[in-house]
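Visitor: The following comprises the amino acid sequence and a computationally predicted model.
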Amino acid sequence: MKHILALAIACAPLAATADPLPSWNETEAKSRIIAFVEGVTDTGSASYVSPADRVAVFDNDGTLWAEQPVYFQFLYAVDRLKEKAAGDPSILASDVLKAAAAGDMKAVAASGKKGLLEIVEVSHSGMSVDAFIADARAWLDSARHPQTGMSYDAMIYQPMLELLSYLRDEEFTTYIVSGGGVHFIRSFSDDAYNIPAEQVIGSIGKSGYMVTDAGPIIMKDPGIVFIDDAEGKPLAIDTRIGKRPIFAAGNSDGDFQMLEWTTTGDGPRFGMIVHHTDAEREWAYDRDSHVGRLDRGLDEAGTRGWLLVDMARDWEQVWPHAR
């Protein structure tokens, strides 16, 4: 897998090295982010926060990388389901599994969340965690997006890469808190975002401990233990991190409770929503989208003081290409 951070750094013009967010336009969004960071890192400011408490959490799908036409992990799941079914057709034990293997995405979409979870369970189980992560990495190296032709791990947002780097430079600890599977995200998070595996929080499938001739392994079993979405996100943050973040970024109503919990704590707080408004460079969607639906967050961002980032207006650049 290419190291996207290295590419992103190489793409930044030399004249902009003093600017922590060079791919952000000079709008209120950029000013608000910088003002917040400067306030919490200035020891002479009433807003100062010690480095130990500078915790920032980010959703992944639609916030750090793209999520259209469907979540990228789901596309991986369908590819792996087809491979499994070619060797053992009996695994296609339901209509939704048969539809997915046949490429009938309309029928899969009609099955709703239950159908999507069934596809993920069947396609992701039956291998060790280490083997799964290696397989996901190999898929990311070879698979291409059906519309853009780009590799999926290249479809990350340059402005968000800069934001992550800026926060870490200012002694924030950055976490991913995603509805996606924790092992899938761990397969690329370090290369893509410089976020190590131990700072990834995601949905969790069932697993088991097995001793083999080669030694003990952790196996991925069928079933879901925890969905890291909506109310689940604050619960997972509390369990894994043990403190309330001061900075949270998402893009959908699935992130609402994470932003709500973050920004209602004591002291300085920052909530941010990436609003997909750029149909020319990416996609434009919000209230009626089948993925990344943004409805309540769109209505309440202003009254709650959350920054609503307008992708078309606030971002000079979307992908980590040459500018």
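Guide: Ah, there it is.

Visitor: Please make it C-alpha for all contacts and neighbour counts, starting now.
Guide: Fine.

Visitor: Now for the residue nearest to E170 when sequence neighbours are not counted, how many residues are close by?
Guide: Excluding the flanking residues, the one nearest E170 by CA to CA, 6 or more residues apart in numbering is T41, at 7.0 Å. Number of residues near T41 (other CA atoms under 10 Å) recorded here: 18.

Visitor: isn't T41 right next to R168, touching?
Guide: No. Shown here, T41 and R168 do not form a contact pair, counting by CA atoms under 8 Å, at 11.6 Å.

Visitor: ok, the residue nearest to E170 - contacts?
Guide: Applying CA atoms under 8 Å, 6 or more residues apart in numbering to T41 gives the contacts Y48, V49, S50, P51, E170.

Visitor: Go through those and name the one nearest K106.
Guide: For the contacts of T41, the closest approach to K106 (CA to CA) belongs to E170, at 45.6 Å.

Visitor: quick one: the closest one and S50, what's the gap?
Guide: Per CA to CA, to the nearest Å, E170 is found 11 Å from S50.

Visitor: Name the residues that touch stretch 60-68?
Guide: Under the criterion CA under 8 Å, 6+ apart, residues 58, 71, 153, 155-157, 160-161, 176-178, 180, 249-252, 274, 283, 291-292 lie in contact with stretch 60-68.

Visitor: Go ahead and measure how far it is from the middle of the chain.
Guide: 6 Å (CA atoms, centre = their mean, to the nearest Å).

Visitor: could we number from 256 for the rest of this?
Guide: Renumbered: residue one is now 256, and that last one reads stretch 315-323.

Visitor: avg pLDDT for that stretch?
Guide: Averaged over stretch 315-323, pLDDT sits at 98.

Visitor: how far does it stretch from start to finish?
Guide: 13 Å.

Visitor: Most distant residue from the centre of this protein?
Guide: Most distant residue from the mean C-alpha position of the chain: D468, 36.3 Å away (CA atoms, centre = their mean).

Visitor: And it, how far from F443?
Guide: When D468 is compared with F443 (using CA to CA), they lie 29 Å apart.

Visitor: cool, and E453?
Guide: E453 is 13 Å from F443, where distance means CA to CA.

Visitor: Which helix or strand lies directly C-terminal to the helix or strand in which A341 is found?
Guide: Assessed by DSSP states H and E, A341 sits inside helix 327-342. Sequence order places helix 350-356 as the next helix or strand after helix 327-342, per DSSP H and E.

Visitor: Chain neighbours aside, what residue packs nearest to K353?
Guide: Among residues not flanking K353 along the chain, L347 sits closest, at 5.4 Å (CA to CA, 6+ apart).

Visitor: helices or strands next to the helix holding A341 in the packing?
Guide: Under the contact criterion of 3 or more CA pairs under 8 Å, 6 or more residues apart in numbering; DSSP states H and E, helix 327-342 touches helix 350-356, helix 367-379.

Visitor: avg pLDDT for the shortest one?
Guide: Per-residue pLDDT values over helix 350-356 give a mean of 94.

Visitor: Give me the distance from it to the chain's centre.
Guide: That offset, for helix 350-356, works out to 26 Å (CA atoms, centre = their mean).

Visitor: The last one too?
Guide: Relative to its chain's centre, helix 367-379 lies at 19 Å (CA atoms, centre = their mean).

Visitor: contacts for that helix?
Guide: Counting by CA under 8 Å, 6+ apart, 329, 332-333, 335-336, 339, 346, 351-352, 355, 363-364, 387, 460, 475-479 sit against helix 367-379.
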